[in-house]
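**Student:** The sequence and its predicted three-dimensional model are supplied below.
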Amino acid sequence: MVMTRTEAEDVLFHEAELLDAWELMDWAAMYTPDSLYEVTSPACADPYGADAANTLFLISDKYDRITGRAKRLMKKTAHAEYPHSKTRHMVSNVRVTGGEGDETKCRANFAVFRTKEDNSTIYMGEAFFTIAGSGTDARILHKRCVLDLNSLYNQGRLTIIL
Amino acid sequence: MALYDRDPASLVVADPAKGSFRVHRDAYRSAEVFEREKELIFGKCWLYLGHDSELAKKGDFHARRVGGRDIIFNRDKNGAVGAHYNTCTHRAAKVCRERTGNARTFTCPYHGWVFNSEGKLASQNAKTGYHDDINADGHLDLRSVERLEEYRGFWFVNFNPKAISLYDYLDNARDAIDALMDQTEAKQVILSGEHTYSINANYKLLCENSYDGYHLFPVHASYFDFLRDQLEGTPAAALIDQTLADYTTMGAVRALGNGHAILDSYVPTGRPVAQWLPSFGPEVKPEIEGKYARLVERFGEERANYIATTQKNLVIFPNLVINDILSVTVRIIEPESENRIRVTAWAMGPTDESDTLRAMRLDNFVSFLGPAGFGSPDDIEMLELCQTAASHTPVEWSEISKGFGKSEDPCHASGAPDDEIQMQAYWTMWDRVMNGKIKLEVE
């Protein structure tokens, strides 16, 4: 069953909650061995159609790097996120755009606030999801984040998960 | 401002007999030193502008800031590469407001002056008021950068009209560039996409970090953990720890003249040209092994082995990094002040690789490199820690002595991969240029 908007929001809000709580292994568990988590480069000419196979992305994680990213970020030796920054994921304007069977396609606007030491920055943009199932069984098959940025000049780096 | 006033001549102090090489931290934290660097280093050294492959078609352009100056890097309608200052000769407005594109002309948005792709003034957008011959001497054309030269497709600018040639300036770094460009009989090109980000640190801290073999294990422990996890259960699993144990005894850091230097090392990440590892998957094994065999045919076993299996981190003085490692990145470090830089990095790859290998090359890149990889962000954190601590403590000197004192001239020394020979070469050149001990000019 394709999810309703409210059901899709429940999944996205749950993901945001896990990320803000730094429950990263639980976050990774929302993904499957076939999943893909992507963030296009702000310089990308066509971030919606781009393919990480021939264009440089910021992040293009298959499952091994999705879990690897979560695991790494929980270590003290992930220096860039030690001590952990504080984050707040705002997810809004959720729209179900399609899907079939038990898959739902949806898109959402996001603004993620990150505070590291005394500096706060914002990562803003739109995310495109393909989600299988619903409720607590929902699994994210594909998430592509497109930042409304031209560079990471103000943010410096992207070490949190969007 | 600096915490202490110092004689600039003594910011780099070396005592070979004691094996001591020290850099005063004002060289990283002083706004006054940075002002002098803008004139003496960035005003006189060759600075990387872009790669030939980024201007594939006539009319292609990129607007870039290099050494604090805004430059239009373009290919004109005749196919020639140009570098023009991005300012209208009328009343200064920027004439090119896009970062990249294709244009036959550049029109100033302020009063409508039009310049053609060669930079010549084509129209003042005025019927009256100007003498016909007002631009007879060409002073109203877009100003070309003083010098523009290329080596194997890498275009550099120099703001000193009397500068020595790029060829001479690159010195033995040419061989390192050759080792990269010779990977293919087709073309090495800049791939689609770029990483642009900032770091709150002095530009020289990133140069030092880019070919620092000493920092590898403390800073990148979590990356090696990830590699181990990936290879678990494969025949290559033991490779990581074996190679890491041998790290300091294989390879070298080598100074290449004029402050350039390279770290040649062995880290088991695999290389698209041309070292296959099980983590790459069996489908690309024949292609990678074929590339290796062809290198042997072209250059012989020894050179082929160097080209294909050595991880190379090259820094061209003062601010270009070319890392030919698990992927190839060309990275420029544009300083904005003594404590802030803008970094732009591109991926490079040969035109004759399969789609699968291309995808793997880019996947390797983002796995470690860039502002969201598993490696570079931890480096960046270290640089920011260095900058903030240097700026807010009174300690005067940084100790860059590891491996020092074995050579007459630090600019032509070599040492173990985890020595600091490369930084000693960099800082020796920096000291020579800053204090006029080397002119980098033709007589």
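**Tutor:** Now that the structure is in, tell me what you want to look at.
**Student:** what's the residue of chain A found nearest chain B in contact with, if anything?
**Tutor:** Closest residue of chain A to chain B, Cβ to the nearest Cβ: A:Leu56 (3.1 Å). C-beta here means a position set from N, CA and C on the backbone, and glycine is covered the same way. By Cβ atoms under 8 Å, 6 or more residues apart in numbering or on different chains, A:Leu56 lies in contact with A:41, B:191-195, B:346-347, B:362, B:365-366, B:370.
**Student:** Return the members of these classed as buried.
**Tutor:** Taking 16 or more other Cβ atoms under 10 Å in any protein chain shown as the criterion, what is buried in the contacts of A:Leu56 is A:41, B:191-195, B:346-347, B:362, B:365-366, B:370.
**Student:** and which of the residues you listed is nearest B:Leu326?
**Tutor:** Relative to B:Leu326, the closest of the buried ones among the contacts of A:Leu56 is B:Phe365; by Cβ to Cβ it sits at 7.6 Å.
**Student:** Would you confirm that the closest one contacts B:Thr329?
**Tutor:** Yes. Applying Cβ atoms under 8 Å as the test, B:Phe365 and B:Thr329 come out as touching, 6.6 Å apart.
**Student:** shared neighbours of those two, which are they?
**Tutor:** Both B:Phe365 and B:Thr329 are contacted by B:Ala347, under the criterion Cβ under 8 Å, 6+ apart.
**Student:** Within the helices and strands, which one has A:Ile131?
**Tutor:** Element membership of A:Ile131, judged by DSSP states H and E, is strand A:119-132.
**Student:** And that strand, how far out from the chain middle?
**Tutor:** Mean-position distance between strand A:119-132 and its chain equals 6 Å (Cα atoms, centre = their mean, to the nearest Å).
**Student:** can you check stretch A:152-162 too?
**Tutor:** 13 Å.
**Student:** pLDDT averaged over that stretch, what's the number?
**Tutor:** Stretch A:152-162 comes out with an average pLDDT of 97.
**Student:** Please put the alpha-carbon coordinates of that stretch into CSV.
**Tutor:** Taking Å, rounded to 0.1, in the frame of the first residue of the first chain, the C-alpha atoms of stretch A:152-162 are listed here in CSV:
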residue,chain,number,x,y,z
LEU,A,152,29.7,24.6,1.6
TYR,A,153,31.3,28.0,2.2
ASN,A,154,29.3,28.8,5.3
GLN,A,155,29.0,25.2,6.6
GLY,A,156,32.6,24.2,5.9
ARG,A,157,31.8,20.5,5.9
LEU,A,158,29.0,18.0,6.0
THR,A,159,29.8,15.5,8.8
ILE,A,160,26.3,15.0,10.1
ILE,A,161,23.6,12.9,8.4
LEU,A,162,20.9,15.0,6.7
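**Student:** Can you point out the buried residues in that stretch?
**Tutor:** So for stretch A:152-162, counting by 16+ other Cβ under 10 Å, buried means A:152, A:155-162.
**Student:** Stretch B:30-47 too?
**Tutor:** Buried residues in stretch B:30-47, counting neighbours by 16+ other Cβ under 10 Å, are found at B:30, B:33-34, B:37, B:40-47.
**Student:** From the rest of the structure, what touches it?
**Tutor:** B:1-2, B:8, B:11, B:26-27, B:66-68, B:147, B:149, B:156-160, B:163, B:166, B:169-170, B:202, B:317-320, B:335, B:337-338, B:430, B:433-434, B:440-441.
**Student:** and if you look at stretch B:93-108?
**Tutor:** Residues from elsewhere that reach stretch B:93-108, judged by Cβ under 8 Å, 6+ apart: A:43, A:150, B:57, B:59-63, B:70, B:72, B:74, B:77, B:86-88, B:90, B:109-110, B:113-117, B:122, B:142.
**Student:** Any idea how far the helix or strand containing B:Arg36 is from the middle of the chain?
**Tutor:** B:Arg36 belongs to helix B:31-40 when assigned by DSSP H and E. Relative to its parent chain, helix B:31-40 has a centroid offset of 20 Å by Cα atoms, centre = their mean.
**Student:** likewise stretch B:230-242?
**Tutor:** Mean-position distance between stretch B:230-242 and its chain equals 32 Å (Cα atoms, centre = their mean).
**Student:** which outside residues touch it?
**Tutor:** Contacts to stretch B:230-242, defined as Cβ under 8 Å, 6+ apart, come from residues A:64, A:68, B:224, B:227-228, B:268, B:277-279.
**Student:** Show me which residues of stretch B:170-180 are buried.
**Tutor:** B:170-174, B:176-177, B:179-180.
**Student:** Which elements pack onto the helix or strand hosting B:Met360?
**Tutor:** Element membership for B:Met360 (DSSP H and E) is helix B:355-368. Judged by 3 or more Cβ pairs under 8 Å, 6 or more residues apart in numbering or on different chains; DSSP states H and E, helix B:355-368 is in contact with strand A:59-61, helix B:285-299, strand B:340-350.
**Student:** Just send these back as CSV, with distance to B:Leu256 and mean pLDDT too.
**Tutor:** Shown next, in CSV, are the helices and strands packed on helix B:355-368 (distance: least, Cβ to Cβ, whole Å; pLDDT from 0 to 100):
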stretch, distance to B:Leu256, mean pLDDT
strand A:59-61, 34, 98
helix B:285-299, 19, 97
strand B:340-350, 20, 98
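**Student:** ok so, going back, for the contacts of A:Leu56, work out which two are farthest apart.
**Tutor:** Pairwise distances among the contacts of A:Leu56 were taken by Cβ to Cβ; the largest, 14.4 Å, belongs to B:Ser192 and B:Gly370.
**Student:** Around chain B, pick out the residues from chain A.
**Tutor:** For chain A, the contact set with chain B under Cβ under 8 Å from any Cβ of the partner chain comprises A:39, A:41-45, A:50, A:52-60, A:64-65, A:68-69, A:71-72, A:75, A:77-82, A:150-159.
**Student:** Among those, which ones are in helices?
**Tutor:** A:64-65, A:68-69, A:71-72 (DSSP state H).
**Student:** Produce a ChimeraX select command limited to the buried residues of those residues.
**Tutor:** Buried residues within these, by 16+ other Cβ under 10 Å, are selected in ChimeraX with:
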select /A:65,68,69,71,72
